[in-house]
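A.B. asks: After the sequence you'll find the predicted model.
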Amino acid sequence: MRQARRIAIAGQGAGEVSGITSQNMGSLTRANAARSAAKGAAAPKTVTLKAQQLGDVSFAEKLRYGFDKSMAAGPIALVGWLSLVTLGVILISATVLAVSGIGPDGGFNFLEAAWQALMRTMDAGTMGGDSGWPFRLLTLFITLMGILVFSALISIISAGLDSALEALRKGRSRVLETDHTIILNWSPSIFDIISELVVANESRKKARIVIMANRDKVEMEDEIADKVPDLRNTRIVCRSGDPTDLFDLSLVNAQTCRSIIVVSPEGAEDPDSQVIKTVLALTNDPKRREERYRIAAELRDARNAEVARIVGGDEVQLVLADDLISRIVVQSSRQAGLSAVYSELLDFDGCEIYTTELDDLVGLTYGEALMGYESSALIGLRYPDGRVRMNPPMDQVIAAGSRAIIIAEDDEAISRTTIPEGAVDVSAIRAPKALRRSAERILIIGWNRRGPLIALELSKYVKPGSVLTVAGDMPGFEQQVAGMTLGSKNLTVEARIVDTSHSASIEALDPLSYGSVMVLGYSDTMEAQSADTRTLITLLHLRKLSERLGEHISVVSEMIDIRNRELAEVTRADDFVVSNKLVSLMLAQASENEYLSAIFDDLLDEDGSEIYMRPIGDYVDLTGPVSFYTIVEAARQRGETAIGYRRRRESGEDDARNMGGVVVNPSKAEVLDYLPEDRVIVLAEG
């Protein structure tokens, strides 16, 4: 009841307010008007007063305002005003000369006087022969006005040229190239990408690479010239802009490009979001072409891959940088020299991976097709439904619409051949032996964001009872190790806080008790060069310890900069995984081969076939020379695909590419002698 009463009172109050507003508005207005009149201005005349105030502006002020607006129009308006001033001076002077009759020989007519005035505005020397002081004073005035006008004109032209050059320097003009490769964003890996694309473009005419990033155009060009001096037939075009902005993207002319590479931007707080936004801008541009793009995009965090695939669809190939490097580090730690195989497959200088439709393979089994290429290596199939499988079952029949995945020096070198009679020495083939694996002890020295991914990958391969020891001194290091997610319970992880640049601390870890040692750089807390220097110090301590104890320590190291690998060779580590280089190679290859990402996803995944380096003596008899045809057949009988070998090089043998004796896709007819320590490179399961 009390609540109802309060509501009634509130309603009554509201009604009173409403009543005041409607009934007494006229009286309130009159009262306000009276008060305003007392102050000397009535409220209803406010708009009129504003109009009057604008009307009070003087004509001179209006002229000045109009002049200011015209001057803001730029150099063309300034030249126009100077032309008007010059014309006014000439007309006034010509009128004075024509009317007054002053001047040589009784003066000039109007046209002649105008011509004389024009000449004196353009050339001060014209008045040198004038006589008569009235005429001289007039021509002096004309000449001074000419000097003033032409000085201002020169200044305007100079400023206009400077402005035009500055605009060119900013790199804001639209690119009109076609069939070009676009690189968006800027990172240290861009130089390796350019170097690889330069090699790939050697067979193309008018090869162009267009780069756009949030950097100064001239700075980009200078840095590229310093670090990639040999561009051969490729021309680099740089533009400054934001790759996530639709207007800026229009500058690189993506509608006519061959392919697009989106690198993870250097120095960005959240580089993956920048990459995803760039892909989104490309694929959803209202002015985009109907033909699908070929985009290769770099992501650091695999958790962002799903969003990127939703945004890019089938137009984007994702290169998960940290995931790629982590997997290669793990596989190289288990098989020294494997990083050279991946580099060879990703490098344009040498053999490459091609996907091609070959109708003459339809109806054959994969095992039969393996032996049909003398100078190429069949390594897998892409099925009509889009799935990729490396080293499929040997009895897999190749269906119509499938694409062959082949390693070859060039796509023109891919052709089927007939096996020469007697090429396979059946008597040299050895029966397979059962592989026995036991628990492993693994040591990681150093730490970065790839550490948890490496531990995850290791846990998928090792046998139960394996132990991983992680030694480092990075802040928050122990908490990161404790919070890692592993793929199985086969691996136990322990952390030890150790100064990895101190020799005694490394020796206290007892590296000889571990089957393999991985050295990671502190790339999350240090610059690339500083992180590599710290890695080099650790490797040198390991080498010194190994030499003092007379025992070999199997070491695989991650390097960031390819230039530091040559310095690291003195440490005699078994293998080096150069992270920036491999990511660059992957991006460059993916921009040319739209299936490459799926191929390496299958190669680096624990399910299916991976690359292994196994003793060649397990496959063939080493008492005499054998052909690679024989090695391929020995591997085929085990359900494996042989793609090359790692052979100890004799003194004097050339190894210009620093492959450590690794040869991928040798001629199958090649006959060589092998030693027990030599390895055959195969695609195999487990």
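C.D. replies: Good, I have the coordinates.

A.B. asks: quick one: the strands in the stretch 51-200 of the chain?
C.D. replies: 181-184 (DSSP state E, counting those that start in this stretch).

A.B. asks: So, low pLDDT: which residues of it?
C.D. replies: 51-55, 70-74, 105-106, 124-132, 164, 167-169 (pLDDT under 70).

A.B. asks: ok, now the chain?
C.D. replies: 1-55, 70-74, 105-106, 124-132, 164, 167-169, 649-659.

A.B. asks: ok, now with 50
C.D. replies: 1-51, 651-652 (pLDDT under 50).

A.B. asks: Geometric centre of it: which residue is closest?
C.D. replies: Closest to where the C-alpha atoms of the chain average out (C-alpha atoms, centre = their mean) is residue 263, at 2.2 Å.

A.B. asks: wait, what's in contact with residue 245?
C.D. replies: With contact taken as C-beta atoms under 8 Å, 6 or more residues apart in numbering, residue 245 is in contact with residue 281. For glycine as for every other residue, the C-beta is placed from the backbone atoms N, C-alpha and C.

A.B. asks: could you measure it against residue 600, distance?
C.D. replies: Distance, residue 245 to residue 600, using C-beta to C-beta, to the nearest Å: 32 Å.

A.B. asks: Please apply the same query to residue 452.
C.D. replies: Distance from residue 452 to residue 600, by C-beta to C-beta: 21 Å.

A.B. asks: The two - which one has more neighbours?
C.D. replies: Neighbours were counted for residue 452 and for residue 600 using other C-beta atoms under 10 Å; residue 600 has more, 25 against 20.

A.B. asks: Report the secondary structure element holding the more buried one.
C.D. replies: helix 596-604 (DSSP states H and E).

A.B. asks: neighbouring contacts of that helix?
C.D. replies: Contacts of helix 596-604 (C-beta under 8 Å, 6+ apart): 296, 317-319, 324, 327-328, 331, 353, 355, 380, 382, 388-390, 405, 586, 589-590, 608-611, 683.

A.B. asks: Which of the residues you listed fall in helices?
C.D. replies: 324, 327, 328, 331, 586, 589, 590 (DSSP state H).

A.B. asks: List just the nearest of those to residue 189.
C.D. replies: residue 586 (9.8 Å; C-beta to C-beta).

A.B. asks: Longest helix in the chain, by number of residues?
C.D. replies: Max-length helix for the chain by DSSP H is helix 133-170.

A.B. asks: Show me what counts as buried in it.
C.D. replies: Buried residues in helix 133-170, counted by 16 or more other C-beta atoms under 10 Å: 135, 138, 139, 141, 142, 143, 145, 146, 149, 150, 153, 156.

A.B. asks: do stretch 459-478 as well
C.D. replies: Buried-residue list, stretch 459-478, by 16+ other C-beta under 10 Å: 459-462, 466, 468-474, 477.

A.B. asks: any chance of these in JSON lines, plus distance to residue 238 and secondary structure?
C.D. replies: As requested, those are arranged in JSON lines below (distance: C-beta to C-beta, whole Å; DSSP: H, G, I helix; E, B strand; the rest coil):
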{"residue": "459", "distance to residue 238": "45", "secondary structure": "helix"}
{"residue": "460", "distance to residue 238": "43", "secondary structure": "helix"}
{"residue": "461", "distance to residue 238": "44", "secondary structure": "helix"}
{"residue": "462", "distance to residue 238": "47", "secondary structure": "coil"}
{"residue": "466", "distance to residue 238": "50", "secondary structure": "strand"}
{"residue": "468", "distance to residue 238": "45", "secondary structure": "strand"}
{"residue": "469", "distance to residue 238": "47", "secondary structure": "strand"}
{"residue": "470", "distance to residue 238": "42", "secondary structure": "strand"}
{"residue": "471", "distance to residue 238": "44", "secondary structure": "strand"}
{"residue": "472", "distance to residue 238": "39", "secondary structure": "strand"}
{"residue": "473", "distance to residue 238": "41", "secondary structure": "coil"}
{"residue": "474", "distance to residue 238": "36", "secondary structure": "coil"}
{"residue": "477", "distance to residue 238": "40", "secondary structure": "helix"}
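
A.B. asks: Identify, from those, the entry nearest to residue 225.
C.D. replies: When the buried residues of stretch 459-478 are compared for distance to residue 225 (C-beta to C-beta), residue 474 wins out at 36.5 Å.

A.B. asks: how would you label the residue lying closest to that closest one once chain neighbours are set aside: helix, strand or coil?
C.D. replies: Excluding the flanking residues, the one nearest residue 474 by C-beta to C-beta, 6 or more residues apart in numbering is residue 447, at 4.9 Å. With DSSP: H, G, I helix; E, B strand; the rest coil as the basis, residue 447 sits in coil.

A.B. asks: For residue 447, give me phi and psi.
C.D. replies: phi -160, psi 150 (degrees, to the nearest 10).

A.B. asks: Burial check on it, number of neighbours?
C.D. replies: Counted by other C-beta under 10 Å, the residues lying close to residue 447 total 26.

A.B. asks: What separation do you get for it and residue 477?
C.D. replies: Residue 447 is 6 Å from residue 477, by C-beta to C-beta.

A.B. asks: shared neighbours of the two, which are they?
C.D. replies: residue 470.

A.B. asks: picking up where we left off before, of all pairs in the buried residues of helix 133-170, which one is the farthest apart?
C.D. replies: Maximum pairwise distance in the buried residues of helix 133-170, criterion C-beta to C-beta, is 31.3 Å, between 135 and 156.

A.B. asks: so residue 425 sits right up against residue 625, yeah?
C.D. replies: No - contact criterion C-beta atoms under 8 Å: residue 425 and residue 625 do not qualify, at 9.4 Å.

A.B. asks: Neighbour count: the two, which is higher?
C.D. replies: residue 425 (19 against 13).

A.B. asks: and the more buried one, what are its phi and psi?
C.D. replies: phi -90, psi 90.

A.B. asks: Contact partners for it?
C.D. replies: So residue 425 contacts 620, 626, 627, 630 (C-beta under 8 Å, 6+ apart).

A.B. asks: quick one: common contacting residues for residue 425 and residue 625?
C.D. replies: In contact with both residue 425 and residue 625: no residue, using C-beta under 8 Å, 6+ apart.
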